[in-house]
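Participant: sequence plus predicted model, see below.
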Amino acid sequence: MRKILVAMLSLGYFVTSAQEVKKDEITKAVMHVLDSINKAKIAEDKEKPKKEHWYDNIGIRGYVQVRYNGLLSTNDKVSCDQCDKSWGTTSTAPDAKANNGFFIRRARIIFSGQVHPNVYFYIQPDFASSPSSGVNNFGQLRDAYFDLSIDKKKEYRFRVGQSKIPFGFENLQSSQNRLSLDRNDAINSAAANERDLGVFFYWAPAEIRERFAMLVRDGYKGSGDYGVFAFGAYNGQTANKTEANRNLHVVTRITYPFVIGNQIIEPGLQAYTGKWAFTSELSTGVTTPNRLQTTDQRIGATFVLYPKPFGIQTEYNIGKGPRYDKVTNTVQVSDLEGGYITLNYKWDLPKKQYLFPFAKFQYYDGGKKFEKDARSYVVRDYELGLEWQPFKAFELVAEWVIADRTFEDSALKNNRQRGNLLRLQAQFNF
């Protein structure tokens with residue numbers, strides 16, 4: 001009986017063990033099959049072209065500039081209304097003082113992207129606009145355009161919308177990259193905020209488009225990609241203003257960044273012509289011969305030696321445009337001329353830090369059509385500055401200004417102001 005019981009138990013044990021072994025083999029076989037299916041699916045997914053959505057290609061970036069212009073000022077009546085509304089005062093009071101304090105000069109957020117192989121868009125509002133004295137930080141549109149390319153390499157493209165007018169290297173150079181705190185009066189007086197609404201054609205070989213991008217990306221203070229050749233038509237009333245005389249301005253520009261050994265130089269020529277229409281700029285009692293059809297035309301030349309490590313940037317323009325005449329209390333078309341030269345040095349420091357010492361001289365003799373009474377200017381300014389970039393997200397600029405500025409309108413008929421001041425700017429990029 002005992003032997004029978006032992007035999008039965010032994011048989012049961014062997015049967016159970018055999019079943020467990022079989023279960024393990026089945027489990028392994030099933031897992032192997034599932035694993036093979038998963039690998040095949042992954043390989044299939046990789047081979048399938050990924051479906052792209054237009055919103056996948058949209059990027060967001062921007063920068064903010066905070067300034068202080070109240071240090072070591074010797075004359076508060078030295079000012080530049082177009083440059084920086086926190087610098088000095090245009091008050092006519094004999095003892096007028098500037099209320100210099102901390103000031104947000106720019107607060108830009110940029111939305112851009114290649115939403116189609118042939119369509120690129122760019123929208124940039126500024127949340128630090130100052131429409132009048134003492135009223136700051138309004139939102140206002142700076143850029144809103146799209147580029148329509150007509151070839152696969154995107155060498156030929158049309159830009160439609162509000163954008164920068166292709167006139168002047170420093171005008172096209174982003175304020176995020178420019179060394180001096182403000183653009184020069186001579187070239188910048190061509191258009192307030194450098195922009196207008198129109199259609200522009202740009203052409204540049206793909207290789208040169210990449211060179212334009214590199215000159216900005218690698219810290220050489222490039223102007224960006226506005227083509228080797230540009231031609232376009234725009235309203236001529238400056239950005240965010242309605243056309244006032246149904247007479248479009250026409251502009252053209254040609255430039256080329258040559259590689260010579262280790263250096264890159266970029267000469268350029270540009271010109272525009274059109275008719276300016278006065279709307280609300282003229283004071284009561286100030287007249288002009290042709291209010292809606294005032295001649296406005298310029299031609300300019302550019303030369304840039306990019307800082308590798310020593311750099312030169314210089315421009316000059318001549319032309320005709322409206323200008324206030326204090327003798328007759330009228331605005332007349334007169335000759336204008338002026339330009340600037342900037343010397344700079346790119347000093348590479350450890351841990352990807354950079355120092356840019358620079359010196360600038362500017363001269364302008366002419367009017368500013370978009371200011372009160374087409375305000376008359378004679379400007380001779382010197383600037384000495386230093387930009388420090390400890391890392392890409394932050395920059396600090398200190399600039400010593402030696403200014404000699406004559407600016408006259410119907411309220412300031414004899415107004416030559418000279419003085420010095422130290423200007424500071426902190427900028428963060430994101």
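Facilitator: That came through, no problem.

Participant: so who does Arg416 touch?
Facilitator: Val378, Asp404, Arg405, Thr406 (CB atoms under 8 Å, 6 or more residues apart in numbering). Using the backbone N, CA and C atoms, a C-beta is placed for each residue, glycine as well.

Participant: phi, psi for it please.
Facilitator: The phi/psi pair for Arg416 (degrees, to the nearest 10) reads phi -100, psi 120.

Participant: check it and give its pLDDT.
Facilitator: We note a pLDDT of 96 for Arg416 in this prediction.

Participant: so it bridges to which residues?
Facilitator: Thr406 (DSSP bridges).

Participant: distance of it from Asp185?
Facilitator: 15 Å (CB to CB, to the nearest Å).

Participant: still on that earlier bit, buried only: go through the contacts of Arg416 for me.
Facilitator: Of the members of these, the ones counted as buried by neighbours, 16 or more other CB atoms under 10 Å, are Val378, Arg405, Thr406.

Participant: was I right to think the second one contacts Gln417?
Facilitator: Looking back up the chat, that one is Arg405. Yes: the criterion here is CB atoms under 8 Å, and Arg405 meets it with Gln417 at 5.5 Å.

Participant: any residues in contact with both of the two?
Facilitator: The overlap between the contact sets of Arg405 and Gln417 (CB under 8 Å, 6+ apart) consists of Val78, Ser79.

Participant: what helix or strand does the residue nearest the centre of the chain sit in?
Facilitator: In the chain, the C-alpha nearest the mean C-alpha coordinate belongs to Ser174, at 2.9 Å (CA atoms, centre = their mean). Using DSSP states H and E, Ser174 falls within no helix or strand.

Participant: pretty sure it contacts Gly224?
Facilitator: Yes: Ser174 lies in contact with Gly224 (CB under 8 Å); the separation is 6.4 Å.

Participant: overlap of the contact sets of those two?
Facilitator: Joint contacts of Ser174 and Gly224 (CB under 8 Å, 6+ apart) are Val216.

Participant: relative to Gly385, which of the buried ones among the contacts of Arg416 is nearest.
Facilitator: Using CB to CB, Arg405 is the member of the buried ones among the contacts of Arg416 that lies nearest Gly385, at 18.0 Å.

Participant: OK, contacts around the closest one?
Facilitator: Going by CB under 8 Å, 6+ apart, Arg405 touches Val78, Ser79, Cys80, Tyr377, Val378, Val379, Arg380, Asp381, Arg416, Gln417, Arg418.

Participant: equivalent analysis for Ile341, please.
Facilitator: Contacts were defined as CB under 8 Å, 6+ apart; by that measure Ile341 touches Ile312, Gln313, Thr314, Lys360, Phe361.

Participant: tally of neighbours for the third one?
Facilitator: Residues within reach of Thr314, counting by other CB atoms under 10 Å, total 18.

Participant: quick check: bridge partners of it?
Facilitator: For Thr314, the beta-bridge assignment (DSSP bridges) gives partners Phe303, Ile341.

Participant: let me see the contact set for it.
Facilitator: Thr302, Phe303, Val304, Gly339, Tyr340, Ile341, Thr342.

Participant: go on, the second one?
Facilitator: Gln313 is in contact with Phe169, Glu170, Lys221, Phe303, Val304, Leu305, Ile341, Thr342, Asn344, counting by CB under 8 Å, 6+ apart.

Participant: which pLDDT value goes with it?
Facilitator: Gln313 carries a pLDDT value of 98.

Participant: can you tell me how far it is from Lys360?
Facilitator: 9 Å.

Participant: list residues touching both of these two?
Facilitator: What both Gln313 and Lys360 touch, as defined by CB under 8 Å, 6+ apart, is the set Ile341, Thr342.

Participant: tell me which element Leu421 is part of?
Facilitator: Per DSSP H and E, Leu421 falls inside strand 416-429.

Participant: again with His32
Facilitator: helix 2-47.

Participant: strand partners of the helix or strand harbouring Asp348, parallel vs antiparallel please.
Facilitator: According to DSSP H and E, Asp348 maps onto strand 347-349. Strand 347-349 pairs in its sheet with strand 353-367 (antiparallel), by DSSP bridges.

Participant: reformat the contacts of Arg416 as TSV; add distance to Pro117 and pLDDT.
Facilitator: Below are the contacts of Arg416 laid out as TSV (distance: CB to CB, whole Å; pLDDT from 0 to 100):
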residue	distance to Pro117	pLDDT
Val378	51	98
Asp404	53	98
Arg405	49	98
Thr406	53	97
